[in-house]
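# Generate coordinates for the sequence data below:
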Amino acid sequence: MSNEIRRRNAPRSPPENEMEDLNLSYDESRLSANALMAASPIHSGPVMKMHVPAIFSFLPSPIQWLLTTRCCPKICAPQWKPRFLIALGGYLYRFKDENGSSPKGAPTPLDVCSDCRIITREDDEYGEFNAVTDCVPDGYNVVFEVSSVGKTQYFAVESREEALTWVNSLRQGQQDVITRNMGHSKIPYPKEWTAFDASAKRLRDQKLRIKQKLEQLDKKEQEMQTMGAGGSIGGGYYS
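Down below sits the predicted model:
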């Protein structure tokens, strides 16, 4: 009798299919371009992404323009690099190419995108984007911008139609995420997309922790250097 009670009260393992789903949700190795493409993404395609050195962002617009239109060290000027974008579920992923095994950088959550728009010289009244529009690679005629908290990304594509498709897809994806988070969505959400979203969030959180740790170490090193400089000055003053 007691053995029967123990068997009834013993914790049961989840069904095998539920275990597979659980493991699926937290396996970052699944975030390959091929796996995402097999899940019918919102939109995907090749682009050129603008990589901007940190120091470039703090320069006045005229200096930025000179760096992008004149010969200068590559370390100082923005560079365009080929990427393969995939918008799926609640995230925008960047890969080196269509066969990329893992995303480049952290996936961008669509619900935190503050703006997605096409950038043209005609719309740039104050020349704010000259540094972007004046150095677009050959064969890529239109640039679109994806802005989120603390980060702005520029992508170049071959035609305005492709840029418009990207902008509309990302805006619609953002609206779908917000609607779903509010509990108002009546459209069934693909189970596989839920797994990809969970993996993307975990990968993004991991990269954020690494970035914060590096910033803390850098700050600490600067403080130690400042203290060392102050000590040497003091010693010289009283010698």
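# Which strand or helix spans residue 152?
Here residue 152, judged by DSSP states H and E, is contained in strand 151-157.
# helices or strands next to that strand in the packing?
In terms of contact count using 3 or more CB pairs under 8 Å, 6 or more residues apart in numbering; DSSP states H and E, strand 151-157 is assigned the packing partners strand 43-51, strand 79-88, strand 142-148, helix 160-181. Where C-beta positions appear, they are placed from N, C-alpha and C, glycine not excepted.
# Please repeat the previous calculation with a cut-off of 6 Å.
strand 43-51, strand 142-148 (3 or more CB pairs under 6 Å, 6 or more residues apart in numbering; DSSP states H and E).
# I'd like the mean pLDDT over the lengthiest helix in the chain, please.
Counting by DSSP state H, the longest helix found in the chain is helix 191-238. Across helix 191-238, the average pLDDT comes to 80.
# Between strand 79-88 and that helix, find me the angle.
Here helix 191-238 points in a direction 140 degrees away from that of strand 79-88 (axes from the mean of the first three to the mean of the last three CA atoms, to 10 degrees).
# low-confidence ranges in the protein?
For the chain, applying pLDDT under 70 flags the ranges 1-29, 53-77, 121-131, 229-239.
# 50 instead?
1-26, 232-239 (pLDDT under 50).
# name the helices or strands packed onto the longest helix of the chain?
Using 3+ CB pairs under 6 Å, 6+ apart, helix 191-238 is in contact with helix 16-25.
# What residues sit buried inside the following helix or strand past the helix it packs on?
For helix 16-25, the following helix or strand on the C-terminal side (DSSP H and E) is helix 33-37. Residues 33, 35, 36, 37 are the ones in helix 33-37 that count as buried (16 or more other CB atoms under 10 Å).
# same deal with stretch 170-183?
For stretch 170-183, by 16+ other CB under 10 Å, it's 170, 173, 174, 176, 177, 180.
# Just to check, the fifth one is in contact with residue 90?
Yes. Applying CB atoms under 6 Å, one finds residue 177 in contact with residue 90, separated by 4.6 Å.
# Please save the CA atoms from stretch 83-99 in CSV.
Extracted in CSV, the C-alpha atoms of stretch 83-99 (Å, rounded to 0.1, in the frame of the first residue of the first chain):
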residue,chain,number,x,y,z
ARG,A,83,25.0,41.2,-44.0
PHE,A,84,21.9,39.0,-44.3
LEU,A,85,18.9,40.3,-42.4
ILE,A,86,16.1,38.1,-41.1
ALA,A,87,13.0,39.5,-39.4
LEU,A,88,11.2,36.7,-37.5
GLY,A,89,8.8,36.8,-34.5
GLY,A,90,9.8,39.6,-32.2
TYR,A,91,13.4,40.1,-33.4
LEU,A,92,15.6,41.3,-36.2
TYR,A,93,18.7,39.2,-36.8
ARG,A,94,21.9,40.0,-38.6
PHE,A,95,24.1,37.3,-40.2
LYS,A,96,27.4,37.4,-42.1
ASP,A,97,25.6,35.7,-45.0
GLU,A,98,22.6,33.5,-45.7
ASN,A,99,24.4,30.5,-44.3
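# Good, wrapping up.
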